[in-house]
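> A predicted structure for the sequence below; I have some questions about it.
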Amino acid sequence: MNGPLTERRHMNNINIGILGGGPAALFMLKRLVENFNENIAVTIFERKGQLGAGMPYSTEGACKEHITNVSDREIPEIVSSLETWIEAAPVELLREYDIDRFDFDEYHGVPRLVFGQFLAAQFELVLKAAKEAGIKVRVFTNTSVADLSYDSNTQQVTVTTTERGEHLFDTVIVATGHNWPKENEGKVPNWFDSPYPPSKLPQECNFPIAIKGSSLTAIDAVKTLARANGSFEAAGDTVVYKRNANSNEFRIVMHSIGGLLPAIRFHLENIDNAHEVLLTAEELKEVKAGNDGFVPLDYLFQRNFMEPLRTEQPDFFDKVSHMGLEAFVAYMMSLRNDLEPFTLFRAEYAEAEKSIRRKRSIYWKEMLSELSYAMNYPAKHLSAEDMTRLREVLMPLISIVIAMIPQSACRELLALHDAGVLEVVSVNKESTVEPADEGCIYTYMDEEGNEQQVHYRLFVNGIGQSAMSFEELPFASLREEKTVSPAYLQYRSQEAGKSARGQDEKKVLKDSAGNYFLRVPGVSINDHFQVLDPYGAANQHIYMMAVPYIAGLNPDYSGLDFCETASTRIAAQLAKTILQPGDEQLMS
């Protein structure tokens with residue numbers, strides 16, 4: 001590479017900007033410290049006043065009652081373990097959250113707000129390591145990034161902030177995390193486009209409440225609303241729920257496609273081989289070469305689910321080995337649909353408790369979780385047909401299984417149901433939620449095929465983080481300058497593409513060569529998370545790991561695992577981009 005970056009390289013002044021100061025930024029800074037030395041300088045822009053916690057582990061995304069759905073042993077290595085940090089944590093903090101440091105081990109989870117403090121402490125340790133390595137790091141908290149632009153002549157990226165003006169960088173990594181846009185919230189009384197921050201939810205609701213979805217996001221809303229209108233009390237090995245005197249009519253109705261609740265956290269065994277399940281660059285190249293440039297979804301299903309299942313759970317494998325992807329999903333869904341939601345939920349709770357007690361995995365679920373992780377990165381090489389299959393067939397099952405509700409949350413949901421407070425109703429995919437003068441009108445077909453139209457005085461959208469469209473990318477200059485482009489996947493079959501275009505010309509495009517492409521949410525990126533322009537050329541200076549804007553090509557962004565893998569790939573590519581022959585001194 002020639003130009004200004006080359007000159008700055010030899011002047012030992014490579015400036016890197018990180019937008020966001022949450023978990024993704026934490027892992028990204030850690031990778032930079034591990035791989036480079038004092039010849040780089042890093043600036044971090046964080047909208048809030050705290051580093052590390054991000055949205056899920058701060059008051060923007062959690063209250064005291066919200067618990068992590070992973071244990072210490074499942075957290076990717078940062079600097080120190082959660083168990084080590086708990087051993088030295090302030091007594092007042094542990095007492096506030098009822099944590100016994102002497103009874104805490106790597107199998108425990110913690111309240112999300114406590115985990116946020118752990119991540120903040122890890123960030124401080126990484127900043128200390130950067131200082132010791134001679135890497136200059138500037139941190140701008142309470143700073144919002146208003147725009148991002150790229151100058152192809154100078155090869156510099158301009159970060160425009162609301163509070164601190166403009167800043168120039170050689171490379172910028174976008175790690176801004178979750179985004180919960182408001183559509184009707186603030187305009188329609190008692191309508192909430194998300195349950196975050198949870199402090200905004202009403203304190204007293206003496207009437208039924210509608211929640212869309214049954215994801216972890218929906219369960220966050222349930223836990224907060226339940227505490228505002230009643231209390232949980234210990235009853236032996238379980239808990240019971242009692243409504244407040246002023247909340248006799250309080251009730252929560254979760255609206256779930258198929259009437260299904262997520263699965264419950266169980267014991268995971270293969271936590272150390274996450275990177276081993278990913279396709280290597282050589283394998284990816286070989287598979288694409290043999291499949292017209294695509295990675296077949298069926299190949300990933302066999303490689304990362306069926307084959308490991310053969311070894312880990314041969315009896316179950318024998319039952320399903322003859323099934324293809326569609327048949328397997330239909331079989332597993334039929335087992336769930338045959339039972340009333342809370343009957344199944346109670347049975348899965350008992351199964352999960354046994355798994356944790358015996359420290360023995362529920363292997364088919366763990367293999368499905370590994371498949372979700374493994375397919376995320378080659379997903380951008382799927383055909384449009386396979387991406388449609390992934391989203392419509394496989395992801396509904398995966399999203400149920402990998403949610404992994406903490407045991408404590410499960411006990412509370414069962415207590416609410418037993419108290420007649422919580423109900424799950426099955427809705428069809430075509431169900432609608434429309435604003436009312438207050439709350440919403442929920443319209444859906446019930447399991448008997450009858451249309452139901454119900455008015456609720458309060459509505460909470462609990463479907464979780466949605467994939468954001470290309471137009472919703474908050475950096476207008478990148479779109480206007482065509483530094484970035486919408487994400488597309490090509491149809492492998494011309495006939496399938498032509499048929500899809502006949503149904504939706506806005507989402508399916510045809511190029512001058514007669515090829516058909518499916519538009520998916522977000523921006524186009526390559527395997528190194530570099531943004532692509534409309535001609536498919538990678539920008540060597542802008543990396544996108546903000547999950548809402550790459551979800552079209554990365555359908556599963558599972559928390560800290562995603563942060564670890566994405567940051568590793570970005571750091572590796574940065575080394576190739578920055579380093580030229582004779583520049584090895586940049587590396588630590």
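Nice, thanks for sending it over. Remember, predicted model here, so these are calculated numbers, not experimental data.

> Average pLDDT for stretch 150-160, rounded please.
The average pLDDT for stretch 150-160 rounds to 96.

> Show me how far that stretch is from its chain's centre.
Averaging C-alpha positions (CA atoms, centre = their mean, to the nearest Å) puts stretch 150-160 29 Å from its chain's average.

> Just the buried positions in that stretch, please.
Neighbour-count burial for stretch 150-160, counted by 16 or more other CB atoms under 10 Å, picks out Y150, Q155, Q156, V157, T158, V159, T160. Heads up, the C-betas are built off the backbone N, CA and C, glycines and all.

> give me phi/psi at the fourth one?
Yep, that's V157 we're talking about. The phi/psi pair for V157 (degrees, to the nearest 10) reads phi -110, psi 130.

> Hmm, it is touching N15, no?
No: using CB atoms under 8 Å, V157 is not in contact with N15, being 9.3 Å away.

> Name the residues contacting each of those two.
Taking CB atoms under 8 Å, 6 or more residues apart in numbering as the contact rule, V157 and N15 both touch L168, F169, D170, T171.

> What subset of these is buried?
Among these, the ones that count as buried by 16+ other CB under 10 Å are F169, D170, T171.

> between the residues you listed, which is nearest N337?
N337 has its nearest neighbour among the buried ones among the shared contacts of V157 and N15 in T171, at 49.0 Å by CB to CB.

> For Q156, see how far away the closest one is.
10 Å (CB to CB, to the nearest Å).

> can you redo the shared contacts of V157 and N15 as a markdown table with secondary structure and distance to T311?
Shown next, in a markdown table, are these (DSSP: H, G, I helix; E, B strand; the rest coil; distance: CB to CB, whole Å):
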| residue | secondary structure | distance to T311 |
| --- | --- | --- |
| L168 | strand | 53 |
| F169 | strand | 47 |
| D170 | coil | 46 |
| T171 | strand | 42 |
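
> Now pLDDT too, for those residues, in JSON lines please.
Formatted as JSON lines, the shared contacts of V157 and N15 follow (pLDDT from 0 to 100):
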{"residue": "L168", "pLDDT": "97"}
{"residue": "F169", "pLDDT": "97"}
{"residue": "D170", "pLDDT": "96"}
{"residue": "T171", "pLDDT": "97"}
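
> For the residues you listed, work out which two are farthest apart.
Largest separation among the shared contacts of V157 and N15 by CB to CB: L168 and T171, giving 11.1 Å.

> Please parse this structure into its domains.
Following automatic domain parsing, the chain resolves into domains at 4-56+112-179+524-586, 191-259+421-461, 275-401.

> is it true that S355 touches H267?
Yes: S355 is in contact with H267 according to CB under 8 Å; the separation is 4.5 Å.

> Am I right that T143 is in contact with F45?
Yes: in terms of CB under 8 Å, T143 counts as a neighbour of F45; the distance is 5.0 Å.

> Touching both of the two, which residues are there?
Jointly contacting T143 and F45 under the rule CB under 8 Å, 6+ apart are T161.

> So the two - more neighbours on which side?
Counted by other CB atoms under 10 Å, T143 and F45 do not tie: F45 has more neighbours, with 26 against 20.

> Quickly list what that one is bridged to.
L19, F140 (DSSP bridges).

> And it, how far from Q453?
Using CB to CB, F45 is found at 46 Å from Q453.

> same deal with L19?
According to CB to CB, L19 and Q453 sit 44 Å apart.

> So for those two, which residue has more residues nearby?
Under the criterion of other CB under 10 Å, the comparison of L19 against Q453 puts L19 first, with 26 against 10.

> Please identify the deepest-packed of the domains of the chain.
Burial of the domains of the chain is given as mean neighbour count (mean count of other CB atoms under 10 Å); domain 4-56+112-179+524-586 ranks first at a mean of 20.

> From the chain's centroid, how far away is it?
The answer for domain 4-56+112-179+524-586 is 18 Å, by CA atoms, centre = their mean.

> Likewise for stretch 323-336?
The answer for stretch 323-336 is 25 Å, by CA atoms, centre = their mean.

> who touches it?
For stretch 323-336, using CB under 8 Å, 6+ apart, the contacting residues are 258, 260, 297-298, 301, 320, 344, 389, 393-394, 396-397, 400.

> farthest pair in those?
D298 and L344 (28.5 Å).

> Now do V401, the pLDDT please.
86.

> Kindly report the same for E276.
71.

> The one 4 residues further on too?
You'll see T280 listed with a pLDDT of 90.

> Need the phi and psi values for it.
Torsion angles at T280 (phi, psi; degrees, to the nearest 10) stand at phi -80, psi 170.

> Kindly report the same for I441.
According to degrees, to the nearest 10, I441 has phi -110, psi 120.

> got it, and S426?
Here is the backbone geometry of S426 (degrees, to the nearest 10): phi -90, psi 130.

> Show me the beta-bridge partners of it.
Residues in beta-bridge contact with S426 (DSSP bridges): S256.

> Quick check: it touching I257?
Yes: with contact defined as CB under 8 Å, S426 reaches I257; the gap is 7.4 Å.

> and of the domains of the chain, who's closest to Q494?
domain 275-401 (11.3 Å).

> mind checking how far that closest one is from the chain centre?
Offset of domain 275-401 from its chain centre (CA atoms, centre = their mean): 18 Å.

> Please apply the same query to stretch 253-268.
Taking the mean C-alpha point of stretch 253-268 and that of its whole chain, the gap between them comes to 17 Å (CA atoms, centre = their mean).

> What's the end-to-end length of that stretch?
31 Å (CA to CA, to the nearest Å).

> Kindly report the same for stretch 416-429.
26 Å.

> who touches that stretch?
Stretch 416-429 is touched from outside by 214, 222, 226, 230, 240-243, 250-261, 341-342, 413, 442, 444-447, with contacts defined as CB under 8 Å, 6+ apart.

> Rounded mean pLDDT for that stretch, please.
Across stretch 416-429, pLDDT averages out at 96.

> residue boundaries of the helices in the stretch 351-500 of the chain?
Here the stretch 351-500 of the chain has its helices, by DSSP state H, counting those that start in this stretch, at 363-376, 384-389, 395-401, 407-418, 476-480, 494-503.

> How many residues are close by the nearest residue to Y549 once chain neighbours are set aside?
Distance criterion CB to CB, 6 or more residues apart in numbering; nearest residue to Y549, sequence neighbours excluded, is G522 at 4.6 Å. Neighbours of G522 under the rule other CB under 10 Å: 25.

> got any ranges where the chain has weak pLDDT?
In the predicted model, the chain carries pLDDT under 70 at residues 1-12, 271-275, 557-558, 579-588.

> quick one, strands of the stretch 51-200 of the chain?
For the stretch 51-200 of the chain, the strands defined by DSSP state E, counting those that start in this stretch cover 136-140, 145-151, 156-161, 165-169, 171-174, 191-192.
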